[in-house]
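> What would the 3D arrangement of this be:
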Amino acid sequence: MELQLGSCFWYFSRTVRQFLCLLGLWRAPGDRPSVRRCSAHGCAGVQTGVSYWLGDVVKAVEGGWPILMRINGSARTNLVILGAFALGLSGCGGSSGGGGGGVVTPPVGTSTDWIEGTFLAASIYAAQCLAPRSGIDPSTNQAFPDVQGDAVDENNFLRSYSNDTYLWYSEITDRDPSLHATPDYFDLLVTNATTPSGQPKDKFHFTFPSDVWFQLSQSGISAGYGARWVLIESTPPREVVVAYTEPDSPARDAALVRGAEVLIADGVDVVNANSQEDIDVLNDALFPEQAGGTHTFTVRDIDGTEREITMTAEEVTSMPVQNVSSISTPTGNVGYLLFNSHIATAETGLVDAVEQLQGMAITDLIVDLRYNGGGFLDLASEFAYMIAGAGPTTSGEIFEDLVFNDKYPTINPVTGQALSPTPFHSTTLGFSEPAGEPLPTLDLPRVFVLSGPNTCSASESVMNSLRGVGVEVIQIGSTTCGKPYGFYPTGNCGTTYFTIQFRGENNQGFGDYSDGFSPAGAGGMVDDETLPGCSVADDFTHALGDVDEGRLAAALAYRDSQDCPDPPTGLTAPGAILTSAGSDLSAVDGNAPASLWLQNRIMDRP
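Sure, this is the predicted structure:
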């Protein structure tokens, strides 16, 4: 199915536009050539080089998101962008989040019912839907509340709800809700302000079909091969390598390992392909929308061996906690664990990991968060407590204080409850373990965090909140994404909306790290955002958890001597393992695209 750009494109490409923006390849219609914005339509900050525009046609998967796009530059050079949003999300149409295929017609009306600056309660418009759903809502086990309404009702709900709960509500330009399609209108309900470095203040403002959100947030199940791809370079000559693989997955069965580069997919050159036809083939092969499809790849392993593998997409269950181990050193045992996402099943994984580390008598802990984009905030609180332990460090102290907009200094506008700080949870909350069970602890005065540009939100909250109670956080890696904000998922008419509603502050009242945490030497913009540690690029030539892997080795060395590795010289070392385009796989950062809900701080409704 191919869809011409228009209101339908805006509906199902929101996440991809944000991803394009973060890579510097999207400019909003009407923006000056020197400016990029990542709020409603694009990115903020100075743009160097050519301003790029989306091409005339994007590929849409039936019932899903476009994954690869052709981008036309001003010189009409075709570029390709890869995104990992194979989430089975619904296409355009007025249905409830489970499918649909018709093009949305923007609502047409007059502004006679709209008075700028005057807002009725959002509850007046809630569940008045252009296409009401029927049946049972799996998230509540009750009947859907939907009644017949229209797109303007849905827009009015978003307008009133945003004015009431959006953290920067006063920075939204109030617009007539009858003049925009609902997806377009939600895009406009954001601030256009920027951070000190010129990045957008609101980087994440997005939606999911409600049924898809429910499945993803509860189970961690998605269609694919169980391989997390990293885009070192997203345009030709393109570089796509493996970050890690999930246990019991097609990728593991194919012996696909970290650092392997994908050269050919279903007969198409991954590195150089540039036509829409080839992009479509790559799209289907690398990011399958549904289980069952079989695809063939040529990969180059770390040892230089090129081989052909065949994988069939399956419903893969993510294992968010992996590679728990103890590293023996002359000054004591050092624990290591890889923590990839704050999804519900991570509660069990973290409890098991900490109990295992307790038995190893560790004296220090290295937590690998380089690919952890976030998730449930309460899981972050549980994990921080397990690191710091009970006693004066956490007892009665604040894990994170949620600060809402100035309309709600004492009341949570979403739950209606009196505001109280999120504590360091000392018992399980029932995400995947029985609720109320005491959490195991390590009682450590410091923790080493391996980070990168994909370390985001709830992961940053772990770092910030431990610092707030005096636990030393030593950062080894690259600057984190900078997301001290969060939200409650809000469903209406089959779409779940994510709009920033609060800022998280630690026990010392600090929560202003919108440009990310940076290790010393990484050039952080703000002193409070610079942590002790070392700036170290990602190392794809060693497995995660291997003591010779660049970031882990640097953490161990810093622990002994407080010394960091020498900075890169820009010269390729003899014997270096290079990608097809010449990148040194032992020291290079890339983007590991993930679902936007896994790049945020999510609060669960009571």
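> Need phi/psi at the closest residue to residue 586 other than its chain neighbours.
Counting by Cβ to Cβ, 6 or more residues apart in numbering, the nearest residue to residue 586 once its immediate chain neighbours are dropped is residue 541, at 4.6 Å. The way it works is simple: take the backbone N, C-alpha and C, and place the C-beta from them, glycine included. According to degrees, to the nearest 10, the main-chain angles of residue 541 amount to phi -90, psi 0.
> what about residue 541, distance to residue 366?
Remark: distance between residue 541 and residue 366 (Cβ to Cβ, to the nearest Å) = 19 Å.
> Comparing those two, which residue is more hemmed in?
Relative neighbour count places residue 366 above the other of residue 541 and residue 366, with 24 against 18, counting by other Cβ atoms under 10 Å.
> So the more buried one lies in a strand, does it not?
Yes - counting by DSSP: H, G, I helix; E, B strand; the rest coil, residue 366 is located in a strand.
> Thought residue 555 was touching it, still the case?
Yes - with the criterion set as Cβ atoms under 8 Å, residue 366 and residue 555 qualify as a contacting pair; they are 5.1 Å apart.
> Give me the common contacts of the two.
When contacts are counted by Cβ atoms under 8 Å, 6 or more residues apart in numbering, residue 366 and residue 555 have 448, 450 as shared neighbours.
> Give me the next element, helix or strand, following the longest helix along the chain.
Scanning the chain for the longest helix, with DSSP state H as the assignment, gives helix 151-165. The first helix or strand that comes after helix 151-165 along the chain, using DSSP states H and E, is helix 182-188.
> could you give the mean pLDDT of that following helix?
The average pLDDT for helix 182-188 rounds to 97.
> Can you list the buried residues in stretch 171-186?
The neighbour-count check on stretch 171-186 (16 or more other Cβ atoms under 10 Å) flags 172, 174-186 as buried.
> lowest-confidence helix or strand of the chain?
Sorting the helices and strands of the chain by mean pLDDT, DSSP states H and E puts strand 53-54 at the bottom, at a mean of 21.
> on that earlier part again, the residue nearest to residue 586 reaches residue 578, doesn't it?
No - in terms of Cβ under 8 Å, residue 541 does not count as a neighbour of residue 578; the distance is 10.3 Å.
> list residues touching both of those two?
Contact criterion Cβ under 8 Å, 6+ apart; residues bridging residue 541 and residue 578 by contacting each: residue 585.
> Could you check the pLDDT of the residue nearest to residue 586?
Predicted confidence (pLDDT) at residue 541: the value is 97.
> what's the answer for the one 3 residues further on, then?
Model confidence at residue 544, given as pLDDT, is 98.
> any idea which helix or strand carries it?
Counting by DSSP H and E, no helix or strand carries residue 544.
> Same question for residue 229.
Secondary-structure assignment from DSSP H and E places residue 229 in strand 227-233.
> what comes into contact with the one helix or strand residue 324 maps to?
Assignment of secondary structure by DSSP H and E places residue 324 within strand 321-329. Contacts with strand 321-329, where a contact means Cβ under 8 Å, 6+ apart, come from 244, 247, 333-340, 346, 349-350, 352-353, 356-357, 360, 362, 366, 368, 544-545, 547, 556, 559-560.
> Got a PyMOL select line for the buried ones in those?
Under the burial definition 16+ other Cβ under 10 Å, those of the contacts of strand 321-329 that qualify are selected in PyMOL by:
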select buried, resi 244+334+335+336+337+338+339+340+346+349+350+353+356+357+362+366+368+544+545+556+559
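> The contacts of strand 321-329 in helices, which ones?
Residues of the contacts of strand 321-329 located in helices (DSSP H): 346, 349-350, 352-353, 356-357, 556, 559-560.
> now residue 352: how far from residue 358?
When Cβ to Cβ is the yardstick, residue 352 and residue 358 sit 11 Å from each other.
> So residue 339 is in contact with residue 350, correct?
Yes - in terms of Cβ under 8 Å, residue 339 counts as a neighbour of residue 350; the distance is 7.3 Å.
> Overlap in contacts, those two.
321, 383.
> what's the straight distance from one end of stretch 403-421 to the other?
9 Å (Cα to Cα, to the nearest Å).
> Need the per-residue pLDDT for residue 150.
Per-residue confidence for residue 150 comes out at a pLDDT of 96.
> same deal with the one 4 residues further on?
Residue 154 carries a pLDDT score of 97 in this model.
> give the contact list for residue 442.
Here residue 442 is in contact with 335, 354, 357-358, 362, 365, 386-387, 389 (criterion: Cβ under 8 Å, 6+ apart).
> let me redo that: residue 292
Applying Cβ under 8 Å, 6+ apart as the definition, the contact partners of residue 292 turn out to be 312-313.
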